[in-house]
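Peer 1: Next come a sequence and a model predicted from it.
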Amino acid sequence: MDPKNLKIYRLHMRRDSDIGFKAISDSQAVRLYEEDVESKIDIRPAFFRDVDRIVHSKAYARYIDKTQVFFSVNNANITHRSLHVLLVSRIACQIGRILKLNTDLMEAISLAHDIGHSPRGHLGEKILNDISNKYKMGTFNHNAQGCRWLSYLEKRFPNKPAKGLNLTLQVLDGILCHDGEVYEQGLKPIEVNGKTWEDHLNEYNDAFHENKIKRIPMSYEGVGVRLADTIAYIGRDIEDAILIKFIKRSDLPKSCTNVLGDTNRKIMKTLIMDLLNNSLDSDIIGYSEEIFEALKRLKEFNYEQIYSRRDLYKSKSLKISYIENLTYQFELIFEKSLKDLEEENFDAPIFKDHIEYIDDKNYSTYFKPLKNQNKLTLVVRDYISGMSDKYFNEIFRKYNLKH
């Protein structure tokens, strides 16, 4: 080894000694494919490298214009998906620092966990799921779609067909199992670093079809991110709703604010400190009973007063009309894009903006195989799921004018 690099390599090897016994060490990182020579001698630890691969991906760049909760709102201060994943990362790494977990792994999971989200947030996800059922594609799940983007549709090298980023099993498992919407007082890994690639692929395929397997992370890092996801959005969504005068702070239930606080800052601090105090000497990461019950009630408030009314209409009839209109937009883009594929209209947006990036105008690794299998609907779903909100609007206007 070059002597001038020896010190750097020794520092790299010390990384495993900086974490606790519950953590996943960098030496335990597992990739599906053999890395190239240049990657093998990279001085960056494995999970640190995954962070870099994620933030340099095209899918990550599209976070900047993807809805978190509120869309079609002319206010630059509203949280978008790009800010949400950063907030999750900061909270997760704070948890990881105290519990002596692998913060590089937690950062990678945090920053990538919502890459599979479609435009229009969870409402768009529901509509894509309905379309998936209609076209007999199974279900649509943003967790699994995120893994699909990073493992199959993204590319590491220019002028080559996409083969994914070859991320570690531990990162992909954390993305697939993040489920921040689930109510849990505490959780521990199904078996620390115990899953195999076969286990992961079974859970991945189930998420797109039966969706019956209860997905539990394989690492404490994955558990930490899963809980950090809730901490990041629960109070922030309230602040956004207050900012656009959707709700008033006085609307928050006293049974929650008396325990957790009535601002995002107070809520976050209360949840983080309680979680750390309850998790330091435990094999479970989680909350005390009092804090968990208050959090559960606050989640219910958010779902009833914010998420179920996120279309910003007060009238039930207008709400139904709005959802029907958005469904029409998704279905029109889907149908027109599918027709362009079937007719091989190579000048269509789905070819220019999606397939050519993945296949590099070769069309032999993605488009043609799926066409031969009569699975062009899957190409369209990939295309729509990867759209930013702004691009979704542009494509709808383009097709609607021709309709």
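Peer 2: It's in.
Peer 1: Give me the nearest residue to residue 133, chain neighbours excluded.
Peer 2: Closest residue to residue 133 apart from its sequence neighbours, by C-beta to C-beta, 6 or more residues apart in numbering: residue 139 at 7.1 Å. C-beta coordinates here come from the backbone N, C-alpha and C atoms, glycine included.
Peer 1: Same question for residue 183.
Peer 2: Leaving aside its chain neighbours, residue 183 sits nearest to residue 296 (5.6 Å; criterion: C-beta to C-beta, 6+ apart).
Peer 1: Which SSE is immediately downstream of the one helix or strand the one you found maps to?
Peer 2: Per DSSP states H and E: residue 296 is located in helix 289-305. Of the helices and strands lying after helix 289-305 in sequence (DSSP H and E), the nearest is helix 316-342.
Peer 1: Could you list the buried residues of that next one?
Peer 2: 319, 322, 326-327, 329-330, 332-334, 336-338, 340-341 (16 or more other C-beta atoms under 10 Å).
Peer 1: Check the offset of that helix from the chain's centre.
Peer 2: Counting by C-alpha atoms, centre = their mean, to the nearest Å, helix 316-342 is centred 23 Å from the centre of its parent chain.
Peer 1: and that helix, what does it pack onto?
Peer 2: helix 121-134, helix 349-350, helix 376-385, helix 389-402 (3 or more C-beta pairs under 8 Å, 6 or more residues apart in numbering; DSSP states H and E).
Peer 1: Mind putting those helices into CSV with mean pLDDT, mean neighbour count and distance to residue 370?
Peer 2: As requested, the helices and strands packed on helix 316-342 are exported to CSV (pLDDT from 0 to 100; neighbours: other C-beta atoms under 10 Å; distance: least, C-beta to C-beta, whole Å):
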stretch, mean pLDDT, mean neighbour count, distance to residue 370
helix 121-134, 91, 19, 15
helix 349-350, 96, 22, 12
helix 376-385, 97, 22, 6
helix 389-402, 88, 15, 20
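Peer 1: mind putting those in a markdown table, distance to residue 96 included?
Peer 2: Supplementary listing: the helices and strands packed on helix 316-342 in a markdown table, determined by distance: least, C-beta to C-beta, whole Å:
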| stretch | distance to residue 96 |
| --- | --- |
| helix 121-134 | 27 |
| helix 349-350 | 40 |
| helix 376-385 | 29 |
| helix 389-402 | 31 |
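Peer 1: how about those, which one is nearest residue 359?
Peer 2: Minimum separation from residue 359 across the helices and strands packed on helix 316-342 (C-beta to C-beta) falls at helix 376-385, 10.4 Å.
Peer 1: and the angle for the closest one with helix 316-342?
Peer 2: Between the axes of helix 376-385 and helix 316-342, defined by axes from the mean of the first three to the mean of the last three C-alpha atoms, to 10 degrees, the angle is 130 degrees.
Peer 1: to the chain's geometric centre, what's the distance from helix 376-385?
Peer 2: Distance, stretch centre to chain centre, for helix 376-385: 18 Å (C-alpha atoms, centre = their mean).
Peer 1: which residues sit against that helix?
Peer 2: With contact meaning C-beta atoms under 8 Å, 6 or more residues apart in numbering, helix 376-385 is reached by 116-119, 128, 131-132, 135, 137, 140, 142, 145, 148-149, 153, 330, 333-334, 337-338, 341-342, 350, 353-355, 366-367, 370, 392.
Peer 1: Could you do stretch 250-257 as well?
Peer 2: Residues from elsewhere that reach stretch 250-257, judged by C-beta under 8 Å, 6+ apart: 238, 262, 294, 295, 297, 298, 301, 305.
Peer 1: Tally up the residues packed near the residue nearest to residue 183, please.
Peer 2: Residues near residue 296, counting by other C-beta atoms under 10 Å, number 15.
Peer 1: before we move on, what about the one 10 residues further on?
Peer 2: Other residues near residue 306 number 17, with proximity taken as other C-beta under 10 Å.
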